[in-house]
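*Asks:* no sequence on hand, only this structure:
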Ligand SMILES: O=C(O)CCC(=O)C(=O)O
Ligand SMILES: [Fe+2]
């Protein structure tokens, strides 16, 4: 096998309390030394069943300004659909290794779709304690079904259903976030690509780790996307950076975790903040998460919305094609 999947490393050769050196983070990144334990404010929780839409809009805008992340409860996506999504994802990762490799991300391909273990080594050359599967789920013209597992057989149907639910909730979220900026409902969605917005499903698979104090599932980052809508399993691990501290996100069964990504930060001219976050792993249990990244099409130009720019509020960001922004970010070049 060309690449060592973390799942395969774990199931073969790990001693009781040892992990390979390439997973060991420097001291200043380790969860054991950097996680804040103590009373901290909690990530805002937004209740979509609240009868007062103006209040919901204000709470979402405040959360996006102060945190760049919030959790949504009573969002209307049927819980049995979320459970089925999680089941088919787990079933895929439970397949024999060679069956998963059929979907491996082609090496050297510019595309990010497929089964893989790392998007690229980061600056200090450390590996993530995670494997993943990545594929588009919307729009239909952009879907590459070769990256959708054929096994379990219901994988496709469940993901197609989930894509439809995502479209509804994303329209609602973007509409209200737009109104929270004092703009018409459709402005933010248009700014991020309108009907061309691409929905990318990622499944993160974080196997149990004998030394969760030394490593990270995903190191600290903001999402490249406009917005990310995620459901985790019950194993906690998401942390967000707030006022100089790394704090744990609370697991709320059935909630959607909404991350503001770079493109909304840019469109809002910095009013909404892309959240800095990372994930830790667990000693005994497998953590999984299902983020859906909402991305503008490659050629789409994103920049501060003209309605939010005036002499008192000069543009904080350049206008850029999404593909150029991604290229700079992934290659750690200045924007
Ligand atoms: O697993 C999580 O909760 C977050 C994963 C994440 O940040 C990512 O895949 O971009
Ligand atoms: Fe992320």
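*Replies:* That came through fine. Treat the numbers as computed from the prediction; the structure is a model and nothing was measured. Ligands and ions are numbered 1, 2, ... in the order given.
*Asks:* go through this protein and flag its longest helix.
*Replies:* What stands out as the longest helix in the chain, according to DSSP state H, is helix 155-180.
*Asks:* and it, what does it pack against?
*Replies:* Applying 3 or more C-beta pairs under 8 Å, 6 or more residues apart in numbering; DSSP states H and E, one finds that helix 155-180 makes contact with helix 53-66, helix 79-93, strand 131-138, helix 187-191, strand 198-206, strand 227-232. All C-beta spots, glycine's among them, are computed from the backbone N, C-alpha and C.
*Asks:* average pLDDT across the last one?
*Replies:* Spelled out, it's strand 227-232. Model confidence over strand 227-232, given as mean pLDDT, is 98.
*Asks:* list of residues touching it?
*Replies:* 82, 85-86, 166, 169-170, 173-174, 177, 192, 238, 251, 255-261, 263-264, 287-294 (C-beta atoms under 8 Å, 6 or more residues apart in numbering).
*Asks:* please state the offset of that strand from the chain centre?
*Replies:* Relative to the chain's own centre, strand 227-232 is displaced by 5 Å; criterion: C-alpha atoms, centre = their mean, to the nearest Å.
*Asks:* pull the residues that contact the helix or strand following it.
*Replies:* Of the helices and strands lying after strand 227-232 in sequence (DSSP states H and E), the nearest is strand 238-242. The set of residues that contact strand 238-242 without belonging to it, under C-beta under 8 Å, 6+ apart, is 31, 35, 40-41, 43, 67-69, 220, 232, 246-249, 257, 275-280, 289.
*Asks:* about what we covered before: would you mind giving the helices and strands packed on helix 155-180 as JSON lines with distance to ligand 1 added?
*Replies:* Putting those into JSON lines (distance: least, C-beta to the nearest ligand atom, whole Å) gives the following:
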{"stretch": "helix 53-66", "distance to ligand 1": "17"}
{"stretch": "helix 79-93", "distance to ligand 1": "12"}
{"stretch": "strand 131-138", "distance to ligand 1": "7"}
{"stretch": "helix 187-191", "distance to ligand 1": "21"}
{"stretch": "strand 198-206", "distance to ligand 1": "5"}
{"stretch": "strand 227-232", "distance to ligand 1": "5"}
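*Asks:* how about the ones you listed in CSV, adding distance to residue 304 and mean neighbour count?
*Replies:* Written out in CSV, the entries for the helices and strands packed on helix 155-180 read as follows (distance: least, C-beta to C-beta, whole Å; neighbours: other C-beta atoms under 10 Å):
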stretch, distance to residue 304, mean neighbour count
helix 53-66, 16, 17
helix 79-93, 35, 17
strand 131-138, 26, 23
helix 187-191, 9, 22
strand 198-206, 22, 22
strand 227-232, 17, 23
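*Asks:* redo these as a markdown table? Include distance to residue 312.
*Replies:* Compiled in a markdown table, those are given as follows (distance: least, C-beta to C-beta, whole Å):
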| stretch | distance to residue 312 |
| --- | --- |
| helix 53-66 | 17 |
| helix 79-93 | 43 |
| strand 131-138 | 38 |
| helix 187-191 | 20 |
| strand 198-206 | 34 |
| strand 227-232 | 27 |
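*Asks:* among the ones you listed, which is nearest residue 19?
*Replies:* strand 198-206 (13.0 Å; C-beta to C-beta).
*Asks:* next, the angle helix 79-93 makes with that closest one.
*Replies:* In this structure, strand 198-206 runs at an angle of 60 degrees to helix 79-93, with axes from the mean of the first three to the mean of the last three C-alpha atoms, to 10 degrees as the basis.
*Asks:* and the helix or strand following strand 198-206, what does it pack onto?
*Replies:* Following strand 198-206 in sequence order, the next helix or strand is strand 218-221 (DSSP H and E). Counting by 3+ C-beta pairs under 8 Å, 6+ apart, the packing neighbours recorded for strand 218-221 are strand 277-279.
*Asks:* point out where the stretch 101-250 of the chain drops to low pLDDT.
*Replies:* Counting by pLDDT under 70, the stretch 101-250 of the chain shows low-confidence ranges at 109, 119-124.
*Asks:* repeat that with 90
*Replies:* Screening the stretch 101-250 of the chain residue by residue with the criterion pLDDT under 90, one finds the ranges 106-112, 117-126.
*Asks:* most proximal residue of the stretch 151-300 of the chain with respect to ligand 1?
*Replies:* The shortest separation between the stretch 151-300 of the chain and ligand 1 is 3.3 Å, found at residue 289 (distances taken as C-beta to the nearest ligand atom).
*Asks:* per-residue confidence at that residue?
*Replies:* Turning to residue 289, the model gives it a pLDDT of 98.
*Asks:* so what's it up against?
*Replies:* Residue 289 makes contact with 203-204, 230-233, 237-238, 279 under the criterion C-beta under 8 Å, 6+ apart.
*Asks:* quick check: bridge partners of it?
*Replies:* On the basis of DSSP bridges, residue 289 is bridged to residue 204, residue 232.
*Asks:* how close does it get to residue 51?
*Replies:* When C-beta to C-beta, to the nearest Å is applied, the distance between residue 289 and residue 51 equals 31 Å.
*Asks:* now residue 202
*Replies:* Where residue 51 is concerned, residue 202 sits at a distance of 34 Å (C-beta to C-beta).
*Asks:* nice, that's everything, thank you.
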